[in-house]
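1. Model the following, please.
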Amino acid sequence: MSWRIDIKDWLGGYPYEYASVTEIFRFMRDKGFMLVNIKNNNGLMNNEYLFKKS
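-> You can find the predicted model right below:
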């Protein structure tokens, strides 16, 4: 995370970094999971993932 974003987050909320759909998919695939379903919400809502252990 960048220093400026850290300061903004620490003053106004919880610091976190956004993970893209591709990053989540690759991470879970490397752990042995298979994507079953996804609800991709472009905007302010959270994405929802359903994985199954292969």
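2. got a list of what residue 21 touches?
-> Counting by Cβ atoms under 8 Å, 6 or more residues apart in numbering, residue 21 touches 38, 40, 47. For the C-beta atoms, the positions are set from N, CA and C on the backbone; glycine is no exception.
3. Surely the last one is in contact with residue 39?
-> Spelled out, it's residue 47. Yes: Residue 47 lies in contact with residue 39 (Cβ atoms under 8 Å); the separation is 6.6 Å.
4. These two: which has the busier surroundings?
-> residue 47 (13 against 10; other Cβ atoms under 10 Å).
5. measure that one to residue 22 for me?
-> Distance of residue 47 to residue 22, given as Cβ to Cβ, to the nearest Å: 11 Å.
6. what bridges to residue 48?
-> In this structure, residue 48 bridges to residue 39 when assessed by DSSP bridges.
7. right, and it touches residue 36 too?
-> No: using Cβ under 8 Å, residue 48 is not in contact with residue 36, being 11.4 Å away.
8. re earlier: and which of the contacts of residue 21 is nearest residue 18?
-> residue 47 (10.3 Å; Cβ to Cβ).
9. give me every residue that touches the closest one.
-> If you count contacts by Cβ under 8 Å, 6+ apart, then residue 47 has 21, 24, 38, 39, 40, 41 around it.
10. and if we set it to 6 Å?
-> Each residue near residue 47 by Cβ atoms under 6 Å, 6 or more residues apart in numbering is listed here: 40, 41.
11. Quick check: it vs residue 11, distance?
-> 27 Å.
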